[in-house]
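Peer 1: no sequence for this one, just the structure:
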Ligand SMILES: O=C(O)[C@H]1O[C@H](OP(=O)(O)OP(=O)(O)OC[C@H]2O[C@@H](n3ccc(=O)[nH]c3=O)[C@H](O)[C@@H]2O)[C@H](O)[C@@H](O)[C@@H]1O
């Protein structure tokens, strides 16, 4: 029996698909702040599936063997919208999850982030790097929230013998990202599909490394199944500038959008690329989906999303087993 907090969100719902397709019993706990029922709608009514409307800042009492703690807004505009709530989710929420794991003896995987490295002065970023985070900046609610979340995990592991896994997730994209997500992949694709200007924040020289969501799910499952308890980076090491990325999306969509420069975002990390040696060595994982392939699926999803003219029209991304390489 697996529980996924944030299981109706972008990443969580793909993990639900994987576990359901493997025949697990799955309980999703979500407060629907950024998650949506329609991300898991195709499982409603299945005897192995249960959806609970629950905010993890409140304790959760269930019986479970494995917990994936994914609950938290992850897009900068979303996590900055209500910073106190973001902090509560990543501190009180994580305490509640670790408390549950302790009570029922469950294994728990905590979703951390590349943002624990802040605006890094080591490149690429290995897990041994302690980071360069502004503790009072606009991103701090998330960055520091996730850092405390990691600290709590190891405190519970040491003091209470809770069996923890910590995944440091790097930039991830794919179908089911929210139209208003605000992160770069969805913004650029939606702008390109509508022939609007593509908005680069700052010079466009800042870099990111983008992984497709099914690769991440494969990594999360492999980490949970492993005996490795230290933090593990999960990301695609192919690094690109945001300027290049804008051009790639414009070409892929085949539109005539202009690429324009808007003011830079405060404390925006300038370079980000995961060192994934640890993931390769200890959980035998590396990403496999090339950017073009992942982007095609994502463009297709957003094209259908934009074609909806009223709320009752459905755009449900139904998973196939071929989506996850480890299910083949
Ligand atoms: O996508 C993710 O998974 C990550 O997204 C964010 O981190 P960030 O890298 O800042 O994500 P974006 O908002 O997608 O920004 C990436 C870069 O593109 C730029 N950007 C974003 C949006 C846009 O319209 N234009 C644009 O140039 C940003 O300034 C930044 O330099 C979150 O903070 C991470 O927790 C999360 O793991």
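Peer 2: Now that the structure is in, tell me what you want to look at. Treat the numbers as computed from the prediction; the structure is a model and nothing was measured.
Peer 1: Do the helix or strand of the chain with the lowest mean pLDDT and the ligand come into contact?
Peer 2: Every helix and strand of the chain was ranked by mean pLDDT, DSSP states H and E. The lowest is helix 76-81, at a mean of 94. Yes - part of helix 76-81 sits near the ligand under the criterion Cβ under 6 Å from any ligand atom, namely residue 76. For glycine as for every other residue, the C-beta is placed from the backbone atoms N, C-alpha and C.
Peer 1: in that helix, what's buried?
Peer 2: Taking 16 or more other Cβ atoms under 10 Å as the neighbour-count basis, helix 76-81 is seen to contain the buried residues 76, 78, 79, 80.
Peer 1: try stretch 124-139
Peer 2: 124, 125, 127, 129, 131, 133, 138, 139.
Peer 1: Distance from the chain centre to it, please.
Peer 2: Average the C-alpha atoms of stretch 124-139, do the same for its chain, and the two points are 18 Å apart (Cα atoms, centre = their mean, to the nearest Å).
Peer 1: For it, measure first residue to last.
Peer 2: By Cα to Cα, to the nearest Å, the extent of stretch 124-139 from end to end equals 21 Å.
Peer 1: what does stretch 25-33 give?
Peer 2: This stretch, stretch 25-33, spans 24 Å end to end (Cα to Cα).
Peer 1: What of stretch 223-237?
Peer 2: Calculated as Cα to Cα, the first-to-last residue distance of stretch 223-237 is 18 Å.
Peer 1: ok, that stretch near the ligand or not?
Peer 2: No - using Cβ under 6 Å from any ligand atom as the criterion, no contacts between stretch 223-237 and the ligand are found, and the smallest distance is 8.6 Å.
Peer 1: check contacts around residue 305.
Peer 2: Residues near residue 305 by Cβ atoms under 8 Å, 6 or more residues apart in numbering: 179, 315.
Peer 1: just to revisit the earlier point, neighbouring contacts of the least confident helix or strand of the chain?
Peer 2: Where contact means Cβ under 8 Å, 6+ apart, the residues beyond helix 76-81 that reach it are 33-34, 72-73, 86, 138-139, 141-142, 181-183, 265.
Peer 1: If you go by neighbour count, which of those residues are buried?
Peer 2: A residue is treated as buried here by neighbour count (16+ other Cβ under 10 Å); on that basis the buried members of the contacts of helix 76-81 are 33, 34, 72, 73, 86, 138, 139, 141, 142, 181, 182, 183.
Peer 1: Checking my notes, the second one in a helix, right?
Peer 2: No - secondary structure assignment places residue 34 outside any helix; it is coil (DSSP: H, G, I helix; E, B strand; the rest coil).
Peer 1: Quick check: the gap between it and residue 267.
Peer 2: 21 Å (Cβ to Cβ, to the nearest Å).
Peer 1: So residue 269: helix, strand or coil?
Peer 2: With three-state DSSP as the criterion, residue 269 was assigned coil.
Peer 1: wait, isn't it in contact with residue 202?
Peer 2: No - because the distance of 11.2 Å does not satisfy Cβ atoms under 8 Å, residue 269 is recorded as not touching residue 202.
Peer 1: quick revisit: adding distance to residue 177, write the buried residues of helix 76-81 out as CSV.
Peer 2: What follows is those, written out as CSV (distance: Cβ to Cβ, whole Å):
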residue, distance to residue 177
76, 13
78, 11
79, 15
80, 17
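Peer 1: Nearest to the ligand, out of these: which one, please.
Peer 2: Comparing the buried residues of helix 76-81 against the ligand with Cβ to the nearest ligand atom picks out residue 76 as the nearest, at 4.8 Å.
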